[in-house]
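Student: how would this look folded up:
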Amino acid sequence: MPDGAAGLLAPDAIRLDARAGGRDHAVRVCGQVLVDAGAVEPGYIDAMLERERSISTYLGEGVAIPHGTSGGRDLIHRDALAVVRFPEGTDWNGETVTVCIAIAARGDGHMEILAELAQVLMDPDRARALREATGAEQVLALLAPPAEDEQPTGQGHTA
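Tutor: A predicted model of the protein is given here:
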């Protein structure tokens, strides 16, 4: 299995022009992208809604990470991500979400994904770039771990 978030994200699981009339609708849209990608059974969407109703997956910076409950793991065919952008934003329990990163993970592989996403969200420029991405290649590049010969953003770069 490829390492990191970008390795779990196929270009066809990136939708940058979605619309949703609220949190539950947005979760259903995200879940359907995972279904369409062949990563999960349709019933996984219900597990995603159940998770969201028990604890919000809103992270901040306009980003949410909907994923299913542990009981939904048997509905996952393979670990996968989907990135769905809502350019007009959608209400998420009073917060405005513009990007959802849906996660399907059978084991603990999603913990590494969450760590990578945290790195993106802690960098305001990268978080903004994710919210404003207009192409799948931009999203893939943002979620790819930096090459070993590259410095992390904002550290030690000179002009």
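Student: Centre of the chain to the helix or strand that contains residue 128, how far?
Tutor: Using DSSP states H and E, residue 128 sits in helix 124-132. How far helix 124-132 lies from its chain's middle: 13 Å, per Cα atoms, centre = their mean, to the nearest Å.
Student: So which elements touch it?
Tutor: In terms of contacts (3 or more Cβ pairs under 8 Å, 6 or more residues apart in numbering; DSSP states H and E), helix 124-132 is packed against strand 63-64, strand 95-104, helix 109-122, helix 136-143. All C-beta spots, glycine's among them, are computed from the backbone N, C-alpha and C.
Student: what are the pairing partners of the lengthiest strand in the chain, and which direction each?
Tutor: Longest strand in the chain, counting residues (DSSP state E): strand 80-92. In the sheet, strand 80-92 lines up against strand 14-15 (parallel), strand 95-104 (antiparallel) (DSSP bridges).
Student: Return the most buried member of these.
Tutor: Of all the strands paired with strand 80-92, strand 95-104 carries the top mean neighbour count, a mean of 24, counting by mean count of other Cβ atoms under 10 Å.
Student: orientation of that strand relative to helix 124-132 in degrees?
Tutor: Per axes from the mean of the first three to the mean of the last three Cα atoms, to 10 degrees, the angle that strand 95-104 makes with helix 124-132 is 80 degrees.
Student: How about residues contacting strand 95-104?
Tutor: For strand 95-104, contacts defined as Cβ atoms under 8 Å, 6 or more residues apart in numbering pick out 5, 23, 26-27, 29-31, 33-34, 39-40, 44, 48, 58, 62-68, 76, 78-87, 89-91, 110, 113, 117, 130-131.
Student: Kindly recompute the last result at 6 Å.
Tutor: Residues from elsewhere that reach strand 95-104, judged by Cβ atoms under 6 Å, 6 or more residues apart in numbering: 26, 30, 34, 39-40, 58, 62-67, 76, 80, 82-86, 89-90, 110, 130-131.
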